[in-house]
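*Asks:* coordinates for the following, if possible.
(one chain, ligands or ions: 2)
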Amino acid sequence: MKQGTDSTLWLNATLFDGLNTEEQPMAMAVIGAQIAWLKPMSELSAADRSGFECIDVAGALVTPGLVDCHTHLVFGGNRAGEFEARLEGKSYEEIARAGGGIISTVRATRAASEDELFEAAKPRLQALMADGVTTVEIKSGYGLSLEHELKMLRVARRLAAELPVRVQTTLLGAHALPPEYKEDADGYIELVCKEMIPAAAAEGLADAVDVFCENIAFSVEQCERVYAAAKEHGLAIKGHTEQLSNLGGSAAAARAGALSVDHVEYLDEAGVRALAEAGTVATLLPGAFYMLRETQLPPIELLRRYGVPMALATDANPGTSPMFSLKLMLNMACTLFRLTPVEALRGVTAHGARALGLQQQVGRLAPGLQADFCLWDTKNPAELAYSVGLPRLTQRIFAGVKA
Ligand SMILES: N=CN[C@@H](CCC(=O)O)C(=O)O
Ligand SMILES: [Zn+2]
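*Replies:* Numbering: from 1, shown residues only. Ligands and ions are numbered 1, 2, ... in the order given. A predicted model of the protein is given here:
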């Protein structure tokens, strides 16, 4: 394929469009950075081919570029020691309450320069890209001060500037209580609302704002204050909710108009109903479920019944999900949560895009959307979830360009 040029017609594709698999071989026309049109091969005329460079993929599977809608891939240090402690029987909550967990990554992230964070994050992002990811969300949340939260967001923006991938950034100031606010959670929330959110919005560093609504983090009422500040500054809303207990954080986020609520293992029927009413996506994070050896399954059957879109993401982070393969999450979502392969694939394409508010731009193969797509050496979409390590990604196209 010519690099960055004009008009390419991809022929004989087995096409998963982000929601469904086409029943017959398809042709997909790409002009510049956009998908121009799609047609069954049986309806393709000679005139349709005119002006295009034609590439016959011989039945290979073509999917949208994958969307990893929840990561924390900018961080300092690692938590292999905590992994060992958990294997010896300590719980995630115990470690967090003793000043480890997220706070230990905060210490390492504060100590790291912007360049050091960039260099550490780049291979993590490249690992996701090698798996077919073309859009990724990156959260802050290991700085927990104005200076260090903005530093993390700048690193995320720089990753987007230097690599062929779309990055959505999320300010997660309300991730944990930093040591200097130990007895003053409300004071810290005030800092998030009055300083971090306005600064991140003014500098164009954040697309959304996230919170950790949990007993070891922030209350529903504190999260609602953060949501109000985010909305005041025109930023979208997301939440880490119902991961370890049921506080009603998902319903509160949905009422505030959240794009997504993430984890949701402890979500109950009232919460699911609230998501359905608000059109909020439920993002499933099987990596953290697996890593923490959780037993409470997310309410998949209820989410299906109420028609709540389910996104699926790596949650790539140093503590609960040191995993940099979205394809692995396809398999885990099926084996651990009993999603069907098609549901899992929707989770990393159409529904992942919706969890970021990007459904008009990416996550589907449809006219007018950005030409981000992947070719795989299989003809069967289910194989992407079935097998780990294969099928191979044979081409990754970002904005119409092989990258
Ligand atoms: N649940 C809260 N935050 C992250 C974990 C962060 C960490 O442990 O470093 C998550 O999504 O799992
Ligand atoms: Zn997370």
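*Asks:* nearest residue to the residue of the stretch 301-403 of the chain found nearest ligand 1 in space, please, no chain neighbours.
*Replies:* Nearest to ligand 1, among the residues of the stretch 301-403 of the chain, is Gly319, at 2.6 Å (C-beta to the nearest ligand atom). (C-beta placed from N, C-alpha, C; glycine too.) Once flanking residues are discounted, Gly319 sits nearest to Arg79: 5.0 Å by C-beta to C-beta, 6 or more residues apart in numbering.
*Asks:* for that neighbour, grab the count of nearby residues.
*Replies:* By the criterion of other C-beta atoms under 10 Å, Arg79 has 22 neighbours.
*Asks:* ramachandran angles for Cys374?
*Replies:* The phi/psi pair for Cys374 (degrees, to the nearest 10) reads phi -130, psi 140.
*Asks:* quick check: the residue lying closest to it once chain neighbours are set aside vs Ala355, distance?
*Replies:* Of all residues not flanking Cys374 in the chain, Gly132 sits nearest, at 4.2 Å (C-beta to C-beta, 6+ apart). Per C-beta to C-beta, to the nearest Å, Gly132 is found 17 Å from Ala355.
*Asks:* what about these two, which has more around it?
*Replies:* Ranked by neighbour count (other C-beta under 10 Å), Gly132 and Ala355 place Ala355 first, with 32 against 26.
*Asks:* pretty sure the more buried one sits against Ala311.
*Replies:* Yes. Using C-beta atoms under 8 Å, Ala355 is in contact with Ala311, at 4.1 Å.
*Asks:* how many neighbouring residues does Leu87 have?
*Replies:* 9.
*Asks:* how close does it sit to ligand 1?
*Replies:* From Leu87 across to ligand 1, the span is 16 Å (C-beta to the nearest ligand atom, to the nearest Å).
*Asks:* now swap in Ala161 and tell me
*Replies:* 25 Å.
*Asks:* can you give me phi and psi for that residue?
*Replies:* Main-chain dihedrals, Ala161, degrees, to the nearest 10: phi -70, psi -30.
*Asks:* so which bits of the worst-scoring helix or strand of the chain on mean pLDDT are buried?
*Replies:* Ranked by mean pLDDT, DSSP states H and E, the weakest helix or strand in the chain is helix 92-97, scoring a mean of 92. Of the residues in helix 92-97, those buried by neighbour count under the rule 16 or more other C-beta atoms under 10 Å are 92, 95-96.
*Asks:* in the helix or strand following that helix, which residues are buried?
*Replies:* Next helix or strand after helix 92-97 toward the C-terminus (DSSP states H and E): helix 102-111. Applying a neighbour-count criterion of 16+ other C-beta under 10 Å, one finds 102-110 buried in helix 102-111.
*Asks:* could I get the average pLDDT for the helix or strand hosting Leu328?
*Replies:* Using DSSP H and E, Leu328 sits in helix 326-337. Helix 326-337 carries an average pLDDT of 98.
*Asks:* picking up where we left off before, is the residue of the stretch 301-403 of the chain closest to ligand 1 in a helix, a strand, or coil?
*Replies:* At Gly319 the chain is in coil, as set by DSSP: H, G, I helix; E, B strand; the rest coil.
*Asks:* now it: phi and psi?
*Replies:* Gly319 has phi and psi values of phi -100, psi -70 when expressed as degrees, to the nearest 10.
*Asks:* and it, what pLDDT?
*Replies:* pLDDT for Gly319: 97.
*Asks:* so it makes contact with Gly81?
*Replies:* No. Using C-beta under 8 Å, Gly319 makes no contact with Gly81, being 11.0 Å away.
*Asks:* show me where the stretch 301-403 of the chain has its helices.
*Replies:* Applying DSSP state H, counting those that start in this stretch to the stretch 301-403 of the chain gives helices spanning 326-337, 341-347, 350-355, 382-386.
*Asks:* would you mind finding the most buried of the ones you listed?
*Replies:* Across the helices of the stretch 301-403 of the chain, averaging neighbours per residue (mean count of other C-beta atoms under 10 Å) puts helix 350-355 on top, at a mean of 29.
*Asks:* hmm, it in reach of ligand 1?
*Replies:* No. Applying C-beta under 6 Å from any ligand atom, one finds helix 350-355 separated from ligand 1 by no less than 13.7 Å.
*Asks:* by contact count, what packs against that helix?
*Replies:* For helix 350-355, the packing partners by 3 or more C-beta pairs under 8 Å, 6 or more residues apart in numbering; DSSP states H and E come out as strand 66-68, strand 133-139, strand 260-263, strand 281-284, strand 310-312.
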